[in-house]
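>>> A predicted structure for the sequence below; I have some questions about it.
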Amino acid sequence: MATTIKPGESYGFFTDTSICIGCKACEVACKEWNQLQGNEPKFLADSYDNTGQLDAQNWRHVKFIDDVPAQSTAAGNGTAFLMMSDVCKHCKHASCMEVCPTGAIIRTEFDTVFIQQDVCNGCRNCVAACPYSVIAINQSTGTAHKCTLCYDRLQGGLEPACAKACPTQSIQFGPLADLQKAADVRLAALHTQGISQAQLYGRDDKVYGGLNAFFLLMDKPETYGLPNAENAGLPSRNDLGGYIGALVTAVLGVIAGIVAFRRRGAP
Amino acid sequence: MIYLAAEHFVRAPQWTWYILGYFFFAGLTGGSYALATLLRLVGEPRDEAAARLGFYTSFVTLLICPVLLTTDLGASWWKFWHMLVDVTPGDQGLIFKYWSPMSVGVWALLIFGLFSAVSALESLALDRRDRGTVGDPGRPMGGVLGRAFNAVGAILALFIASYTGVLLSVSNQPVWSDTWLLGGLFLASGLSGSAALMALLSRYRPAAAFSLGRLHQADGYFSILELVLLVAFFLTIAAAGTAGRTVPFLPLWLLALVGIGSSLVEARGEMRIRPSGGSAAVARAGVDTLVVSVLVLLGVLALRAAVIFSAQQ
């Protein structure tokens, strides 16, 4: 889709997994544009996926999720691999951004989440926080890396490389509001066709306040390795409880110390 | 706990040996300072020797902390100061995020470093005066102001000994984020380890032997606290469904329990010397204290290792 990209507007991806064919053009385009060398090739012996995971060298990863039943089914009725081109979700309430102690992780003028490489010092707090296992450390630079939603391309008025390369339009880029409308239409169409398991993930604000990179899934989120709304918590949910636990222990510890060290008069 | 997430799809941050070392020494520097302050503020005048020993211990163990933290950054070690100063173009300035324990902890460590250094220097000056090597330096840190200085330092010290556990909980990692108890657990363990370390080091400072029994007693109380928190910790992660991740590290958990048990045995008084004990008693207690202190310190290390590695498999 031709899109005029303007700073100040929210952009994102709508990834429709129902039409992903697992070609990995997105992975290749991402590596090529972002000059990612990739990891040493490895045979993972697990479906057609030898990328394995999102990491510092893989900012797009096509997941092949084995949904093949143990028993054969009648022709045309079987299920097969669920395929999903995974990527940074650019969460509205981003766990990585919340815990980053350096201010390296920012929200850009396109409402995307971006790691400033010259500011990041590799503390890995964002890695511990990201609920999607997106961020990883590049050992040679000592900094955290992830999808930038092609920040440099957006600044030049170009859509991200992965969306440009996707041959089936499984990955769609555009203003978030437009993508949400398109997703609603697509979901309604699938439901009309009797595909009741189809659902949108991250379209609304139930997961991290909404995702700028949201998905149409063909099964429940957990099947794709995505936390459901019930389990999508920000790290800061534990701030208060953690500090209260420490404070109560500190008070008890001081009382214990006073009891042990108190003056007892002459022996 | 009430809400805890049972499903985790996160990547381990690879916080391993340097961070383990930091957590260990952070517990000891904070714990030693807090115990030294308590000895000085509520103890007998003869506890002053042990209090100064605590301030020395706190400062020396503190010096190791920034080295470990900086080394852990790897290739970006030279950007360690970005924890304090935001260098984002157009948005430069000091950075402090109260909701990020790592950010709060770095500032607390920096400020606590000042308190620890001043208290160690004061102890050095007082020791030199007592040995007659210098004239009376007076008590620049004496009186109400000095006590207030120690008290504020002790509050920071307790924070340093505990925030590392909160930092782990404020994540989305299995085990760590499934409990609120890591801050308290690390604090109790750090206090116990500090009492054991001070008892151990009192072998080299005869005047501090007066406080040995008190340190063992305190260690016992801290160990009871630690044991209760450890049980509660396992209950919370069991409720979240992630307790199974601790099983591969059973030897470490057992070592932590041995440390706790050693403290409790020592605190029961079976091997404890009395404040008025003679040299023979001190010598006997010295061997016992050595063994128990080493076991307690190993337990402190093992506990942190078990917690750190249970989440990162």
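Received the coordinates, thanks.
>>> all strands of chain A, in order?
A:11-16, A:61-65, A:82-86, A:105-107, A:113-115, A:136-138, A:143-145, A:171-175, A:199-201, A:213-217 (DSSP state E).
>>> Please identify the most buried of these.
Across the strands of chain A, averaging neighbours per residue (mean count of other C-beta atoms under 10 Å in any protein chain shown) puts strand A:11-16 on top, at a mean of 28. (Glycine included, C-beta is placed from N, CA and C.)
>>> low-scoring pLDDT stretches of chain B, where are they?
B:1-6, B:133-142, B:269-285 (pLDDT under 70).
>>> where does the residue in it sticking out farthest from the centre fall, helix, sheet strand or coil?
Residue farthest from the centre of chain B, counting by C-alpha atoms, centre = their mean, is B:Gly90 at 38.8 Å. Following DSSP: H, G, I helix; E, B strand; the rest coil, we place B:Gly90 in the coil state.
>>> ok, back up a step: nearest to B:Leu297, out of the strands of chain A?
strand A:136-138 (31.0 Å; C-beta to C-beta).
>>> Could you please name the strands the closest one pairs with and the direction of each pair?
strand A:143-145 (antiparallel) (DSSP bridges).
>>> For the partner strand, give the mean pLDDT please.
Strand A:143-145 shows a mean pLDDT of 98.
>>> hang on, the earlier thing: the strands of chain A: which one's closest to A:Ala161?
strand A:171-175 (9.9 Å).
>>> Work out the sheet partners of the closest one and label each with its direction, please.
strand A:11-16 (antiparallel).
>>> hmm, who's touching the partner strand?
A:5, A:84-85, A:87, A:90, A:110-112, A:149, A:154, A:160, A:162-163, A:169-176, A:179-180, A:182-183, A:186, A:211-216 (C-beta atoms under 8 Å, 6 or more residues apart in numbering or on different chains).
>>> can you give me the offset of the longest helix belonging to chain B from its chain's centre?
In chain B, taking DSSP state H as the definition, the longest helix is helix B:279-311. Relative to its chain's centre, helix B:279-311 lies at 13 Å (C-alpha atoms, centre = their mean, to the nearest Å).
>>> repeat for stretch B:106-114
Counting by C-alpha atoms, centre = their mean, stretch B:106-114 is centred 14 Å from the centre of its parent chain.
>>> Which of the three states applies to B:Gln14?
Relying on three-state DSSP, one would call B:Gln14 coil.
>>> Looking at chain A, which helix is longest?
helix A:239-261.
>>> other SSEs contacting it?
Judged by 3 or more C-beta pairs under 8 Å, 6 or more residues apart in numbering or on different chains; DSSP states H and E, helix A:239-261 is in contact with helix B:17-42, helix B:143-169, helix B:182-201, helix B:212-240.
>>> Show me what the shortest one is packed against.
Of the remaining helices and strands, those touching helix B:182-201 by 3+ C-beta pairs under 8 Å, 6+ apart are helix A:239-261, helix B:17-42, helix B:48-72, helix B:143-169, helix B:212-240, helix B:250-267, helix B:279-311.
>>> switch to 7 Å and redo it
Applying 3 or more C-beta pairs under 7 Å, 6 or more residues apart in numbering or on different chains; DSSP states H and E, we find helix B:182-201 packed against helix A:239-261, helix B:17-42, helix B:48-72, helix B:143-169, helix B:212-240, helix B:279-311.
>>> One more: the second one?
Other elements packing on helix B:143-169 under the criterion 3+ C-beta pairs under 7 Å, 6+ apart are helix A:239-261, helix B:17-42, helix B:101-130, helix B:182-201.
>>> Arrange those helices in a markdown table, one row each, with mean neighbour count and distance to B:Ala208 as further columns.
Converted to a markdown table, those look like this (neighbours: other C-beta atoms under 10 Å in any protein chain shown; distance: least, C-beta to C-beta, whole Å):
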| stretch | mean neighbour count | distance to B:Ala208 |
| --- | --- | --- |
| helix A:239-261 | 20 | 13 |
| helix B:17-42 | 26 | 9 |
| helix B:101-130 | 20 | 11 |
| helix B:182-201 | 31 | 8 |
